[in-house]
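Asker: Let's see this in three dimensions:
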Amino acid sequence: MLDMRGKACLTMLGDSPLVAETPAHLLDDEVTPTARMFIRNNGRTPRIAGEADRWRLRIDGEVEQPLETMIGELKRSHDQVTLRLVLECGGNGRSFFTPKAKGNPWTVGGVSCAEWTGVRLADVLAATRLKPSAIYTGHYGADPTLDDRTDVPSLSRGMRIDKALEPHTLIAFKLNGEDIPVVHGGPVRLVVPGWPGSLSAKWLTRIWIRDREHDGPGMGGFSYRLPRTPIAPGSEGDAADMAIIESMPVRSILTFPADDAVLPAGTRRIEVRGHAWAGDNQVTSVDVSIDRGAHWSRAALHAPVNRYAWQHFVAEVDFATAGHHEVWCRATDSGGNSQPVVATNWNPQGYGANPVHRLRLFVAR
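Answerer: Next comes the predicted model:
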């Protein structure tokens with residue numbers, strides 16, 4: 001378990017780089033507390049000194065007016081917005097693949113839905129006057145590599161320019177109303193909701209506007225890519241047939257009760273609840289099952305507070321007997337996509353696994 005001041009007892013998946021996921025029952029809040037947010041680093045956490053407002057950011061490349069500014073100036077020059085946004089690791093769900101794929105064995109806890117405050121990246125880019133040749137971004141942060149190099153990036157990913165201009169994509173400097181903690185990318189980071197969290201560069205120092213697809217570390221080969229054509233589980237795959245992950249898949253999780261909870265003797269009906277989200281899409285329904293998918297019943301689903309916020313759901317389930325039971329949940333999105341019963345589209349790096357979430361319960365005799 002993670003032992004860090006200001007953080008809950010997250011499940012450690014790695015310490016070099018630091019990676020920790022949140023147990024599902026700690027994600028029950030509609031707004032994820034900062035203490036309960038997952039951690040995914042690619043390099044080392046940088047040492048941050050000086051005033052946050054004096055942190056410098058450069059935007060250059062395919063722009064008419066390159067920008068070299070401080071965060072305090074961005075705050076003064078642009079409208080600030082606060083949005084509730086899902087941030088999800090691209091490998092969330094990886095442990096559900098058979099056979100195992102490479103990478104950290106995420107279950108369902110590589111996700112959060114916190115309140116982020118910042119300025120719209122689109123507003124900042126407008127001031128740079130993008131050239132017609134601007135089609136992609138490249139993101140850079142201040143984190144050293146695992147061998148403490150600062151002359152090369154530990155990770156540098158990018159996105160199509162239309163996603164950069166989407167009004168929910170932020171240069172953020174507050175998390176749940178407070179300055180962003182260093183472990184979560186403070187003093188300033190990108191927040192690119194609905195797409196893999198690796199795009200939401202921490203400790204942001206530069207955005208390079210490019211006339212071609214970005215080719216930084218984390219953009220080539222099998223990194224954050226899925227097969228265009230399904231491949232046999234366990235096979236090597238063909239890097240030339242891989243496509244960059246953009247919108248994340250539909251997913252739902254049960255956050256109450258906790259997994260492996262023991263319910264009092266005589267319990268025959270309980271309320272279960274959780275959240276659902278679907279990348280660029282909206283969740284249209286969530287269903288629950290207590291007979292391993294033979295029958296499904298519809299949960300009550302709340303509308304999102306804003307686009308890219310997760311959607312809370314509640315359902316009542318009945319148990320005919322004491323003993324062991326499972327509750328499954330399955331979400332469907334506005335594109336007609338539903339969670340599969342088992343993880344599909346196996347790939348070497350283990351992205352996109354979104355099977356139904358299963359909650360184990362025991363009713364005491």
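Asker: the strands in the stretch 251-365 of the chain, which residues?
Answerer: Remark: strands assigned in the stretch 251-365 of the chain by DSSP state E, counting those that start in this stretch are 251-256, 261-263, 269-277, 283-289, 297-298, 300-301, 311-318, 323-333, 357-363.
Asker: Would you list the strands that the first one pairs with, along with their directions?
Answerer: This points to strand 251-256. strand 269-277 (antiparallel) (DSSP bridges).
Asker: part of a helix, is Glu73?
Answerer: Yes. Looking at Glu73 with DSSP: H, G, I helix; E, B strand; the rest coil, it is inside a helix.
Asker: Quick check, pLDDT for it.
Answerer: In the prediction, the pLDDT value recorded for Glu73 is 97.
Asker: so how many other residues sit close to it?
Answerer: Residues lying near Glu73 (other Cβ atoms under 10 Å) number 15. For glycine as for every other residue, the C-beta is placed from the backbone atoms N, C-alpha and C.
Asker: I'd say Ala300 and Ala315 touch.
Answerer: Yes. Look at Ala300 against Ala315 with Cβ atoms under 8 Å: they come within range, at 6.8 Å.
Asker: Which of those two has more residues huddled nearby?
Answerer: Taking neighbours as other Cβ under 10 Å, Ala300 and Ala315 compare with Ala315 leading, 20 against 11.
Asker: mind listing what the more buried one touches?
Answerer: 271-273, 286, 288, 297-300 (Cβ atoms under 8 Å, 6 or more residues apart in numbering).
Asker: Look up the closest residue to it, ignoring the ones flanking it.
Answerer: Distances taken as Cβ to Cβ, 6 or more residues apart in numbering put Ala299 closest to Ala315, at 3.8 Å, once the chain neighbours are dropped.
Asker: roughly how far apart are the most centrally placed residue in the chain and Glu21?
Answerer: With distances taken as Cα atoms, centre = their mean, Glu88 lies nearest the centre of the chain, 0.8 Å away. With distances taken as Cβ to Cβ, to the nearest Å, Glu88 is found 11 Å from Glu21.
Asker: Overlap in contacts, those two.
Answerer: Joint contacts of Glu88 and Glu21 (Cβ under 8 Å, 6+ apart) are Gly110.
Asker: Run through the bridge partners of Ala172.
Answerer: Ala172 forms beta bridges with Gly118, Arg189, as assigned by DSSP bridges.
Asker: where does it land on pLDDT?
Answerer: pLDDT at Ala172 comes out at 98.
Asker: With Gly43 instead?
Answerer: At Gly43, pLDDT is 96.
Asker: residue contacts, it?
Answerer: With Cβ under 8 Å, 6+ apart, Gly43 has these contacts: 17, 143-146, 153-155.
Asker: again, but for Ala164
Answerer: Ala164 touches 121-122, 125, 137, counting by Cβ under 8 Å, 6+ apart.
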